[in-house]
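1. The sequence and its predicted three-dimensional model are supplied below.
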Amino acid sequence: AQTVTQSQPEMSVQEAETVTLSCTYDTSENNYYLFWYKQPPSRQMILVIRQEAYKQQNATENRFSVNFQKAAKSFSLKISDSQLGDTAMYFCAFMKPRSGQLTFGSGTQLTVLP
Amino acid sequence: KAGVTQTPRYLIKTRGQQVTLSCSPISGHRSVSWYQQTPGQGLQFLFEYFSETQRNKGNFPGRFSGRQFSNSRSEMNVSTLELGDSALYLCASSSPTSGTVEQFFGPGTRLTVL
(Lines give C-alpha, C1' and ligand atoms only; values in the text may rest on other atoms or scores of the structure.)
Protein backbone atom coordinates (compact mmCIF):
# COMPACT_ATOMS: atom_id res chain seq x y z
CA ALA A 1 0.00 0.00 0.00
CA GLN A 2 1.09 3.52 -0.70
CA THR A 3 1.29 6.29 1.88
CA VAL A 4 1.67 10.02 1.38
CA THR A 5 2.92 12.28 4.15
CA GLN A 6 2.64 16.04 4.38
CA SER A 7 4.41 17.12 7.55
CA GLN A 8 3.41 20.79 7.48
CA PRO A 9 -0.23 21.20 8.56
CA GLU A 10 -0.12 24.98 8.15
CA MET A 11 2.12 27.50 6.42
CA SER A 12 1.95 31.18 5.66
CA VAL A 13 3.78 33.39 3.17
CA GLN A 14 3.81 37.06 2.32
CA GLU A 15 2.30 38.11 -0.97
CA ALA A 16 4.88 38.05 -3.81
CA GLU A 17 7.23 35.79 -1.84
CA THR A 18 8.14 32.16 -2.56
CA VAL A 19 7.03 29.18 -0.50
CA THR A 20 7.78 25.45 -0.65
CA LEU A 21 5.39 22.75 0.50
CA SER A 22 6.82 19.34 1.38
CA CYS A 23 5.55 15.87 0.54
CA THR A 24 7.06 12.44 0.95
CA TYR A 25 5.60 9.13 -0.13
CA ASP A 26 6.24 5.47 0.28
CA THR A 27 5.76 2.90 -2.47
CA SER A 28 7.36 -0.18 -3.92
CA GLU A 29 6.16 0.75 -7.41
CA ASN A 30 8.58 2.01 -10.03
CA ASN A 31 6.04 3.62 -12.32
CA TYR A 32 3.48 6.05 -10.90
CA TYR A 33 2.14 9.57 -11.01
CA LEU A 34 2.31 12.35 -8.45
CA PHE A 35 0.03 15.35 -8.23
CA TRP A 36 -0.55 18.50 -6.28
CA TYR A 37 -4.14 19.64 -5.87
CA LYS A 38 -5.43 22.77 -4.18
CA GLN A 39 -8.76 23.11 -2.39
CA PRO A 40 -9.79 26.70 -1.67
CA PRO A 41 -12.59 27.56 0.76
CA SER A 42 -15.13 26.78 -1.97
CA ARG A 43 -14.02 23.11 -1.52
CA GLN A 44 -13.55 22.71 -5.28
CA MET A 45 -10.52 20.46 -5.80
CA ILE A 46 -8.26 21.95 -8.47
CA LEU A 47 -5.31 20.25 -10.15
CA VAL A 48 -2.13 22.28 -9.79
CA ILE A 49 0.57 20.11 -11.34
CA ARG A 50 1.36 16.55 -12.37
CA GLN A 51 4.63 14.57 -12.47
CA GLU A 52 5.31 11.20 -14.08
CA ALA A 53 7.80 9.09 -12.14
CA TYR A 54 9.65 8.02 -15.28
CA LYS A 55 10.42 11.64 -16.16
CA GLN A 56 13.54 13.06 -14.56
CA GLN A 57 12.65 16.62 -15.52
CA ASN A 58 10.70 18.48 -12.87
CA ALA A 59 7.25 19.67 -13.93
CA THR A 60 6.43 23.38 -14.03
CA GLU A 61 3.16 25.24 -14.55
CA ASN A 62 3.58 29.00 -14.57
CA ARG A 63 4.36 30.02 -10.97
CA PHE A 64 4.20 26.43 -9.73
CA SER A 65 7.08 23.99 -9.95
CA VAL A 66 8.04 20.75 -8.26
CA ASN A 67 11.23 19.24 -6.96
CA PHE A 68 10.87 15.51 -7.62
CA GLN A 69 13.49 13.31 -5.96
CA LYS A 70 12.56 9.74 -6.88
CA ALA A 71 15.25 7.99 -4.84
CA ALA A 72 14.33 10.00 -1.76
CA LYS A 73 10.60 9.64 -2.52
CA SER A 74 10.15 13.36 -2.12
CA PHE A 75 7.85 15.63 -4.11
CA SER A 76 7.80 19.26 -2.99
CA LEU A 77 5.82 22.12 -4.52
CA LYS A 78 7.30 25.58 -4.96
CA ILE A 79 4.99 28.53 -5.44
CA SER A 80 6.69 31.67 -6.72
CA ASP A 81 5.30 35.20 -6.55
CA SER A 82 2.56 34.08 -4.15
CA GLN A 83 -0.84 35.65 -4.68
CA LEU A 84 -3.79 36.05 -2.32
CA GLY A 85 -5.74 33.64 -4.51
CA ASP A 86 -3.21 30.91 -3.70
CA THR A 87 -4.67 30.68 -0.19
CA ALA A 88 -6.00 27.12 0.00
CA MET A 89 -5.44 23.64 1.36
CA TYR A 90 -2.84 21.88 -0.76
CA PHE A 91 -2.88 18.10 -1.14
CA CYS A 92 -0.12 15.90 -2.46
CA ALA A 93 -1.42 12.74 -4.15
CA PHE A 94 -0.03 9.47 -5.53
CA MET A 95 -1.52 7.25 -8.21
CA LYS A 96 -0.55 3.93 -9.73
CA PRO A 97 -1.23 3.68 -13.47
CA ARG A 98 -4.64 2.26 -14.42
CA SER A 99 -5.82 2.21 -10.80
CA GLY A 100 -8.11 5.25 -10.88
CA GLN A 101 -7.17 5.71 -7.23
CA LEU A 102 -5.54 8.79 -5.78
CA THR A 103 -3.91 8.40 -2.37
CA PHE A 104 -3.84 11.77 -0.68
CA GLY A 105 -1.70 13.28 2.03
CA SER A 106 -3.33 15.05 4.96
CA GLY A 107 -2.90 18.46 3.39
CA THR A 108 -1.10 21.74 4.08
CA GLN A 109 -3.19 24.85 4.73
CA LEU A 110 -1.40 27.72 2.99
CA THR A 111 -2.30 31.29 3.82
CA VAL A 112 -0.96 34.13 1.70
CA LEU A 113 -0.72 37.33 3.74
CA PRO A 114 -1.17 40.78 2.20
CA LYS B 1 -15.95 21.53 -22.25
CA ALA B 2 -18.24 21.46 -19.27
CA GLY B 3 -16.66 20.30 -16.05
CA VAL B 4 -17.66 17.47 -13.75
CA THR B 5 -21.09 17.99 -12.25
CA GLN B 6 -22.53 16.46 -9.11
CA THR B 7 -26.09 16.42 -7.86
CA PRO B 8 -27.43 17.22 -5.42
CA ARG B 9 -25.00 19.69 -3.90
CA TYR B 10 -26.43 19.38 -0.41
CA LEU B 11 -28.37 16.60 1.25
CA ILE B 12 -29.74 16.05 4.73
CA LYS B 13 -30.80 12.55 5.75
CA THR B 14 -31.54 10.70 8.97
CA ARG B 15 -29.89 7.59 10.30
CA GLY B 16 -31.07 4.41 8.65
CA GLN B 17 -32.12 6.05 5.39
CA GLN B 18 -30.39 5.50 2.09
CA VAL B 19 -29.07 8.05 -0.37
CA THR B 20 -28.03 8.18 -4.02
CA LEU B 21 -25.53 10.69 -5.34
CA SER B 22 -24.97 11.39 -9.01
CA CYS B 23 -21.89 12.38 -10.98
CA SER B 24 -21.63 13.40 -14.65
CA PRO B 25 -18.05 13.31 -15.94
CA ILE B 26 -16.39 15.56 -18.46
CA SER B 27 -17.51 14.66 -21.96
CA GLY B 28 -15.37 11.84 -23.31
CA HIS B 29 -14.05 10.75 -19.93
CA ARG B 30 -14.82 7.11 -19.20
CA SER B 31 -13.29 6.78 -15.74
CA VAL B 32 -15.12 8.03 -12.66
CA SER B 33 -13.67 7.82 -9.16
CA TRP B 34 -15.40 8.60 -5.87
CA TYR B 35 -13.88 9.96 -2.66
CA GLN B 36 -15.11 10.71 0.83
CA GLN B 37 -13.69 13.75 2.61
CA THR B 38 -14.05 14.20 6.36
CA PRO B 39 -12.13 16.35 8.85
CA GLY B 40 -11.00 13.28 10.77
CA GLN B 41 -10.08 10.85 8.00
CA GLY B 42 -9.20 13.25 5.21
CA LEU B 43 -9.69 12.15 1.61
CA GLN B 44 -10.39 8.47 1.17
CA PHE B 45 -10.95 6.54 -2.05
CA LEU B 46 -14.26 4.74 -2.39
CA PHE B 47 -14.21 3.15 -5.85
CA GLU B 48 -13.49 3.69 -9.50
CA TYR B 49 -15.55 2.79 -12.54
CA PHE B 50 -14.35 2.52 -16.10
CA SER B 51 -16.64 1.61 -18.99
CA GLU B 52 -19.38 0.46 -16.59
CA THR B 53 -17.05 -1.86 -14.66
CA GLN B 54 -15.77 -1.35 -11.15
CA ARG B 55 -12.01 -1.64 -11.48
CA ASN B 56 -10.92 -0.70 -8.01
CA LYS B 57 -12.48 -0.42 -4.58
CA GLY B 58 -11.35 1.21 -1.35
CA ASN B 59 -11.76 -0.04 2.18
CA PHE B 60 -15.38 0.86 2.84
CA PRO B 61 -18.23 -1.36 4.05
CA GLY B 62 -20.67 -2.92 1.63
CA ARG B 63 -23.23 -0.21 2.46
CA PHE B 64 -21.33 1.90 -0.05
CA SER B 65 -21.96 0.88 -3.63
CA GLY B 66 -21.87 2.43 -7.04
CA ARG B 67 -22.52 1.94 -10.68
CA GLN B 68 -21.74 3.51 -14.01
CA PHE B 69 -24.00 3.87 -17.00
CA SER B 70 -23.21 3.55 -20.68
CA ASN B 71 -22.94 7.35 -20.99
CA SER B 72 -20.27 7.26 -18.23
CA ARG B 73 -22.48 8.96 -15.67
CA SER B 74 -22.04 7.37 -12.27
CA GLU B 75 -24.10 7.00 -9.15
CA MET B 76 -23.06 6.22 -5.62
CA ASN B 77 -25.44 4.71 -3.10
CA VAL B 78 -25.13 4.54 0.66
CA SER B 79 -27.64 2.37 2.48
CA THR B 80 -28.52 2.36 6.17
CA LEU B 81 -26.89 5.71 6.80
CA GLU B 82 -24.85 6.27 9.93
CA LEU B 83 -23.85 9.52 11.60
CA GLY B 84 -20.26 8.89 10.53
CA ASP B 85 -21.27 8.98 6.87
CA SER B 86 -21.62 12.76 7.11
CA ALA B 87 -19.01 14.02 4.69
CA LEU B 88 -18.22 15.78 1.46
CA TYR B 89 -18.44 13.24 -1.36
CA LEU B 90 -16.31 14.08 -4.37
CA CYS B 91 -16.29 12.47 -7.73
CA ALA B 92 -13.60 12.88 -10.35
CA SER B 93 -13.27 11.93 -13.98
CA SER B 94 -10.34 11.13 -16.20
CA SER B 95 -9.54 9.66 -19.58
CA PRO B 96 -6.58 7.34 -19.01
CA THR B 97 -6.80 5.68 -22.41
CA SER B 98 -6.16 9.04 -24.06
CA GLY B 99 -3.35 10.00 -21.71
CA THR B 100 -5.40 12.16 -19.36
CA VAL B 101 -4.55 10.31 -16.18
CA GLU B 102 -5.09 13.32 -13.95
CA GLN B 103 -8.47 13.45 -12.31
CA PHE B 104 -10.77 16.44 -12.56
CA PHE B 105 -13.11 16.91 -9.65
CA GLY B 106 -16.69 17.97 -9.31
CA PRO B 107 -17.87 20.47 -6.68
CA GLY B 108 -18.94 17.69 -4.32
CA THR B 109 -22.10 16.68 -2.50
CA ARG B 110 -22.27 17.67 1.15
CA LEU B 111 -24.15 14.90 3.01
CA THR B 112 -25.34 15.49 6.54
CA VAL B 113 -26.75 12.57 8.50
CA LEU B 114 -28.87 13.48 11.54
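-> Sure thing, it's come through. Numbering: from 1, shown residues only, chains lettered A, B, ... in the order given.

2. Going by C-alpha atoms from here, please, whenever you check contacts or count neighbours.
-> OK.

3. what's the one residue sitting closest to the centre of chain B sitting at in phi/psi?
-> When chain B is reduced to its mean C-alpha position, the closest residue under Cα atoms, centre = their mean turns out to be B:W34, at 3.3 Å. Taking degrees, to the nearest 10, you get phi -120, psi 140 for the backbone angles of B:W34.

4. which ones are touching it?
-> When the contact criterion is Cα atoms under 8 Å, 6 or more residues apart in numbering or on different chains, the partners of B:W34 are B:45-48, B:89-92.

5. what ranges do the strands span in chain B?
-> Applying DSSP state E to chain B gives strands spanning B:5-7, B:10-13, B:19-24, B:31-38, B:42-50, B:53-57, B:64-68, B:74-78, B:87-95, B:100-105, B:109-113.

6. I'd like those strands written out as a markdown table, with mean pLDDT added.
-> Below are the strands of chain B laid out as a markdown table (pLDDT from 0 to 100):
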| stretch | mean pLDDT |
| --- | --- |
| strand B:5-7 | 97 |
| strand B:10-13 | 98 |
| strand B:19-24 | 98 |
| strand B:31-38 | 97 |
| strand B:42-50 | 97 |
| strand B:53-57 | 95 |
| strand B:64-68 | 97 |
| strand B:74-78 | 98 |
| strand B:87-95 | 96 |
| strand B:100-105 | 91 |
| strand B:109-113 | 98 |
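
7. Excluding sequence neighbours, find me the nearest residue to residue 38.
-> Answering for chain A, as no chain was given. A:Y90 (4.4 Å; Cα to Cα, 6 or more residues apart in numbering or on different chains).

8. wait, I meant chain B there
-> B:A87 (5.2 Å).

9. okay, the residue in chain B that chain A sits nearest to: pLDDT?
-> Nearest residue of chain B to chain A (Cα to the nearest Cα) works out as B:P107 at 5.1 Å. pLDDT, B:P107: 97.

10. Residue 24 pairs with what?
-> Answering for chain A, as no chain was given. A:T5, A:S74 (DSSP bridges).

11. Actually, chain B is the one I wanted.
-> Beta-bridge pairing for B:S24 (DSSP bridges): B:T5.
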